[in-house]
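Peer 1: Sequence first, then the predicted structure, then my questions.
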Amino acid sequence: MMERVEFLILKSLVNDKEYLRKVIPFIKKEYFEDNIQRIVFEEISNFVDNYNEVPTTEVLLIECQKRTDINQSEYVEICNVINNLDPIKTEEQWLIDTTEKWCRDRAIYLALIESIQIADSEEKSRDSIPSILQDALAVSFDNHVGHDYLNDYKERYEFYRKKEDKIEFDLEYFNKITKGGLPNKTLNVALAGTGVGKSLFMCHVASSVLLQGRNVLYITLEMAEERIAERIDANLLNVNIKDISELPKSIFDNKINGLHKKTQGTLIIKEYPTASAHAGHFKALLNELALKKSFRPDIIFIDYLNICASSRYRGNSTVNSYSYIKAIAEELRGLAVEANVPIVSATQTTRSGYGSSDVELTDTSESFGLPATADLMFALISTDDLEGLGQIMVKQLKNRYNDPTINKRFVIGIDRSKMRLFDVEQSAQDDILDKGKEEEYTYKEKSTNLKEKFGAFSF
């Protein structure tokens, strides 16, 4: 059966130009089990690469005759295969689907063989086995090679109208400045001084996302897994963090069981030693969680960015801090794109920005390359006056989702004992002078004639 499918693929490659264009980028010569058919495919592929055309049977016979790695009997067999590559009539979509399934099955088979060889070898590391199997399982035909601006306008219009899947906050003003939450494939960074509330912010948002029924991955390089879990316990169980250790086990069990009933989500907390893990380790963790726990996060928190490592530079590298931190940020954003999730992290302020009540982008510690890479960056600011009111100020520094001058500054409530943030009364926002005004959309503007509004074009 396998040989019949392989022969059908070879026939279609030399007789159906449209089929060839769609499938040849995804077929590897290793997929062919029969050596003779593998050689024929190799010559077809080489000709397409060199001349961007479908080879004729005469061309294949000549090219195979030039080969020095085959004997006479093999050449006779090759000629027999090539001379029987007659045109066939087959439903095109069925043929493409069958070819895709064959490619996936062969990729999985070869990955299993390679994994067994690695497992039997004492010299090779077994850590690569999950990624080998993951890559094989992901084999599929993707014919998308770019957006055709003029021909793909219908899809573009649907994209404009489609509601983007976002991770919502439980804080009103954060939803306002992000237009409804954090989209996938983004890097979002909180900037704050030591002790202001970077980890508190991330623990609170992680808790709120878990209550939405979403899966959350929290990676910590600063505190132990149990300390992060303790902060989230204080938030979700509504208990002062100092009192958690004194809770009777029966009460603690009841609270956790009650939490189980409130959400279908899962929260995984993973600890790495400071400055020892980079985006490559995090990607391996995602693969491991998918294989062992069938867990795929909807959002990832990394606590925090500056104490990650970079896969581009070794720990003892003499690279400057600007390049090093920028590399970390770019790698994390790349991970967000690859995993199709938002990543939330944090960074320190400089010494001058630590006690400032008006933090700027230039107060970013170690590297200005970080805000250049982030999609959303905001400062968490605490002063004695704000602390007395149980509040913390948020200042937008960079925002790719919305106009950062609208609600540039706003305040949120903070309960450090329970590791919680909350919305405050609107009157607290009114005291902020440069908070900006939300855009108004009046009925008169709404009824404006489209031809007049877009007068530069002819409709």
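Peer 2: Yep, that arrived.

Peer 1: what's the helix or strand for Ser131?
Peer 2: Element membership for Ser131, per DSSP states H and E: helix 129-137.

Peer 1: Tell me the helix or strand right after that helix.
Peer 2: Taking DSSP H and E as the definition, the helix or strand that follows helix 129-137 towards the C-terminus is helix 153-161.

Peer 1: Show the average pLDDT along that next one.
Peer 2: This predicted structure assigns helix 153-161 an average pLDDT of 84.

Peer 1: Now do it: distance to the chain's middle.
Peer 2: 23 Å (C-alpha atoms, centre = their mean, to the nearest Å).

Peer 1: on that earlier part again, I'd like the distance from the helix holding Ser131 to the chain centre, please.
Peer 2: A distance of 18 Å separates the centroid of the chain from that of helix 129-137, by C-alpha atoms, centre = their mean.

Peer 1: try stretch 331-350
Peer 2: Put simply, stretch 331-350 sits 9 Å off its chain's centre (C-alpha atoms, centre = their mean).

Peer 1: Same question for stretch 331-351.
Peer 2: How far stretch 331-351 lies from its chain's middle: 10 Å, per C-alpha atoms, centre = their mean.

Peer 1: So which bits of that stretch are buried?
Peer 2: When neighbours are counted by 16 or more other C-beta atoms under 10 Å, the buried residues of stretch 331-351 are found to be 331-336, 339, 341-350. Bear in mind the C-beta positions are built from the backbone N, C-alpha and C, glycine included.

Peer 1: And for stretch 22-37?
Peer 2: Taking 16+ other C-beta under 10 Å as the neighbour-count basis, stretch 22-37 is seen to contain the buried residues Lys22, Val23, Ile24, Phe26, Ile27, Tyr31, Phe32, Ile36, Gln37.

Peer 1: buried residues in the one helix or strand the last one maps to?
Peer 2: The reference is to Gln37. Taking DSSP H and E as the definition, one finds Gln37 inside helix 35-51. Applying a neighbour-count criterion of 16+ other C-beta under 10 Å, the buried positions in helix 35-51 are Ile36, Gln37, Ile39, Val40, Phe41, Glu43, Ile44, Ser45, Phe47, Val48.

Peer 1: who touches the helix holding Ser131?
Peer 2: Helix 129-137 is contacted from outside by 104, 107-108, 110-112, 114-115, 118-119, 284, 287-288, 290-291, using C-beta atoms under 8 Å, 6 or more residues apart in numbering.

Peer 1: of the residues you listed, buried ones?
Peer 2: Buried, going by 16+ other C-beta under 10 Å: Arg104, Ala107, Ala111, Glu114, Ser115, Ile118, Glu288, out of the contacts of helix 129-137.

Peer 1: so the third one sits in a helix?
Peer 2: Right, the one you point to is Ala111. Yes - according to DSSP: H, G, I helix; E, B strand; the rest coil, Ala111 belongs to a helix.

Peer 1: so who does it touch?
Peer 2: Ala111 touches Ile132, Leu133, Asp135, Ala136, counting by C-beta under 8 Å, 6+ apart.

Peer 1: What's the per-residue pLDDT of the second one here?
Peer 2: Just to be clear, that refers to Leu133. Among the per-residue scores, Leu133 holds a pLDDT of 82.

Peer 1: now stretch 188-208: mean pLDDT?
Peer 2: For stretch 188-208, the mean pLDDT works out to 93.

Peer 1: Give the buried residues for it.
Peer 2: For stretch 188-208, the neighbour count (16+ other C-beta under 10 Å) marks 188-193, 196-208 as buried.

Peer 1: cool, and stretch 84-94?
Peer 2: Residues of stretch 84-94 classed as buried by neighbour count (16+ other C-beta under 10 Å): Leu85.

Peer 1: Identify the bridge partners of Ile343.
Peer 2: Leu187, Ile300 (DSSP bridges).

Peer 1: ok, the spatially most distant residue from the centre of the chain - contacts?
Peer 2: Computed with C-alpha atoms, centre = their mean, the maximum C-alpha offset from the centroid of the chain is found at Gln72, amounting to 52.3 Å. The contact partners of Gln72, taken as C-beta under 8 Å, 6+ apart, number zero.

Peer 1: Tell me the spacing between it and Tyr304.
Peer 2: In this view, Gln72 and Tyr304 are 67 Å apart by C-beta to C-beta, to the nearest Å.

Peer 1: go on, Ser427?
Peer 2: From Ser427 across to Tyr304, the span is 33 Å (C-beta to C-beta).

Peer 1: Neighbour count for the two, which is higher?
Peer 2: Tyr304 (22 against 7; other C-beta atoms under 10 Å).

Peer 1: ok, for the more buried one, nearest residue in space, not its chain neighbours?
Peer 2: In space, Tyr304 comes closest to Ala346 once its chain neighbours are excluded; the distance is 4.1 Å by C-beta to C-beta, 6 or more residues apart in numbering.

Peer 1: Could you export the one helix or strand that neighbour maps to as PDB, CA atoms only?
Peer 2: According to DSSP H and E, Ala346 maps onto strand 342-348. These are the backbone C-alpha positions of strand 342-348, laid out as PDB (Å, rounded to 0.1, in the frame of the first residue of the first chain):
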ATOM      1  CA  PRO A 342       0.700  36.900  25.400                       C
ATOM      2  CA  ILE A 343       3.800  37.000  27.700                       C
ATOM      3  CA  VAL A 344       3.800  39.300  30.700                       C
ATOM      4  CA  SER A 345       7.000  40.200  32.400                       C
ATOM      5  CA  ALA A 346       8.700  43.000  34.400                       C
ATOM      6  CA  THR A 347      11.900  45.000  34.700                       C
ATOM      7  CA  GLN A 348      13.600  47.200  37.200                       C
END
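
Peer 1: for the protein, what helix or strand is lowest in average pLDDT?
Peer 2: helix 443-446 (a mean of 42; mean pLDDT, DSSP states H and E).

Peer 1: Now do the helix holding Gln37: everything it contacts.
Peer 2: Judged by C-beta under 8 Å, 6+ apart, the contacts made with helix 35-51 from elsewhere in the structure are 3, 6-7, 9-10, 13-14, 20, 24, 27, 29-30, 32, 53-55, 59-60, 63-64, 67, 70, 74, 77-78, 81-82.

Peer 1: Tell me if I'm right that Ile78 and Gln65 touch.
Peer 2: No - Ile78 lies out of contact with Gln65 (C-beta atoms under 8 Å); the separation is 9.0 Å.

Peer 1: The two: who's more crowded?
Peer 2: Ile78 (22 against 11).
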